[in-house]
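Novice: A structural model of the following input is requested.
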Amino acid sequence: MARMVAGTARESADAARAGAPEAAETRASTGTGLPEARPQPPVVLTIAGSDPSGGAGIQADLKTFQALGVYGAAVITALTAQNTVGVRDVHVAPAGFVAAQIAAVADDIAISATKTGMLADRAIIAAVADEARRGRLGRLVVDPVMVATSGDLLIAPDAVEALRASLLPLADLVTPNLAEAARLVGEDIAGSDAAAIRQGQAILGMGARAVLVKGGDGPAAGDGGLAIDHLVTREGVRSLPLPRIATANTHGTGCTLAAAIAAHLALGLSLEEAVAAAKSAVWRGLTAARGWRLGEGQGPLDHAALSLPSGEPSR
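Specialist: Numbering: from 1, shown residues only. Predicted structure coming up:
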């Protein structure tokens, strides 16, 4: 065993020496003996709940930000006791403390974009909207989180109207899934692409600048079908299909998509470019984790795969 370890160490040392000339050249170019400093990345803020199992919420958002090359900051709106199976308990942060967290970040750091997730009650929604009106949150992506992947309710019933009235009109993009879109417009869940687009247009009428209706659970999304999202703007509708991945590991997919869109907006992409890039990144994460058995329920996607080169690996 000792000989094996020594051999492995020697191989690692040889590999390090092989790259030494390039590293030495980099250090020499700085004149300090240190590698060159990286350019400062844009800052993206997530305002969302915590998932101790790591697949959704701020944990998923921060992993996404890191993978895509932006600096992530986080404001926690709620502590949840959850895992891949379901939500066991929720402790909602006082709205005043949520506001204090946002102010602490915004007073000190310039925020390029913000993604919101679980905003559990009217007071928290009002606190976030107040900061957005002050123009300190940058580009705003609102993921109207209402129900966890497991089916557990994550928002107070009376908070939906507050979301409609005070936050959606401030959003650069709203990213509801089919169930959330239906609840926002007060209708049944869309049973067709046309119905999903119509509901997206109704949400656009609430004041949002754009709406991405996520159709991953839609009628065309059976195994071997397509996951079709619809980007609805005042200029029209762009449908974004990708092959659906046969996997149970979808925990945190919506959080990750919205976070990836916010990251790409902060990096300077247009809205359409950011949505398309984020959707491809999430597709890679789902593909990479399709064989995982992490937990007894709906496992997470692979956030490390979000930054991999584009492509469609075989399913």
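Novice: tell me which element residue 280 falls in.
Specialist: Element membership for residue 280, per DSSP states H and E: helix 271-288.
Novice: tell me the mean pLDDT for that helix?
Specialist: Across helix 271-288, the average pLDDT comes to 96.
Novice: could you tell me how many residues sit around the spatially closest residue to residue 142 that is not a sequence neighbour?
Specialist: Spatial nearest neighbour of residue 142, excluding adjacent residues (C-beta to C-beta, 6 or more residues apart in numbering): residue 171 at 4.2 Å. Using the backbone N, CA and C atoms, a C-beta is placed for each residue, glycine as well. Applying other C-beta atoms under 10 Å, we find 25 residues neighbouring residue 171.
Novice: ok, residue 122 touching residue 162?
Specialist: Yes. Using C-beta atoms under 8 Å, residue 122 is in contact with residue 162, at 4.2 Å.
Novice: the helix holding residue 280 packs against which elements?
Specialist: Judged by 3 or more C-beta pairs under 8 Å, 6 or more residues apart in numbering; DSSP states H and E, helix 271-288 is in contact with strand 226-233, strand 236-243, helix 253-266.
Novice: which of those is buried the deepest?
Specialist: Ranked by mean neighbour count, these are led by helix 253-266 with a mean of 29 (mean count of other C-beta atoms under 10 Å).
Novice: report how many residues lie close to residue 247.
Specialist: Around residue 247 there are 19 residues (other C-beta under 10 Å).
Novice: distance of it relative to residue 86?
Specialist: From residue 247 across to residue 86, the span is 19 Å (C-beta to C-beta, to the nearest Å).
Novice: one more: residue 131?
Specialist: According to C-beta to C-beta, residue 131 and residue 86 sit 31 Å apart.
Novice: could you do residue 214 as well?
Specialist: 21 Å.
Novice: the two: who's more crowded?
Specialist: It is residue 214, of residue 214 and residue 86, that has more neighbours when counted by other C-beta under 10 Å, with 26 against 14.
Novice: could you look up the SS state of residue 89?
Specialist: Classification of residue 89 by DSSP: H, G, I helix; E, B strand; the rest coil places it in strand.
Novice: residues touching it, list them.
Specialist: For residue 89, the contacting residues are 80-81, by C-beta atoms under 8 Å, 6 or more residues apart in numbering.
Novice: make sure I have this right: residue 141 is in a strand.
Specialist: Yes. Counting by three-state DSSP, residue 141 falls inside a strand.
Novice: count the residues that sit near it.
Specialist: Neighbour number of residue 141 under other C-beta under 10 Å is 33.
Novice: run through the bridge partners of it.
Specialist: residue 115, residue 173 (DSSP bridges).
Novice: list the contacts for the residue lying closest to residue 156 once chain neighbours are set aside?
Specialist: Setting aside the residues directly before and after it, residue 156 is nearest to residue 121 in space (C-beta to C-beta, 6+ apart), at 4.7 Å. By C-beta under 8 Å, 6+ apart, the contact set of residue 121 is 92, 95, 155-156, 158-159.
Novice: what's the distance between residue 121 and residue 286?
Specialist: Distance from residue 121 to residue 286, by C-beta to C-beta: 31 Å.
Novice: helix or strand for residue 297, which one?
Specialist: Taking DSSP H and E as the definition, residue 297 sits outside all helices and strands.
Novice: to clarify, my last question referred to residue 201.
Specialist: helix 193-204.
Novice: tell me where the protein has strands.
Specialist: Secondary structure of the chain (DSSP state E): strands at 43-50, 71-82, 87-92, 113-116, 139-142, 173-174, 210-213, 226-233, 236-243.
Novice: can you report how many residues lie near residue 210?
Specialist: Look at residue 210: counted by other C-beta under 10 Å, it has 22 neighbours.
Novice: just grab the bridge partners of it for me.
Specialist: residue 233.
Novice: check contacts around it.
Specialist: Residues near residue 210 by C-beta under 8 Å, 6+ apart: 172-174, 204, 231-233, 271.
Novice: that one and residue 101: what is the separation?
Specialist: 27 Å.
Novice: distance of the closest residue to residue 307 other than its chain neighbours from residue 236?
Specialist: Sequence neighbours aside, residue 67 is the residue nearest to residue 307 in space, at 4.5 Å (criterion: C-beta to C-beta, 6+ apart). Counting by C-beta to C-beta, the gap from residue 67 to residue 236 is 31 Å.
Novice: okay, the angle between the helix holding residue 280 and strand 226-233?
Specialist: 160 degrees (axes from the mean of the first three to the mean of the last three C-alpha atoms, to 10 degrees).
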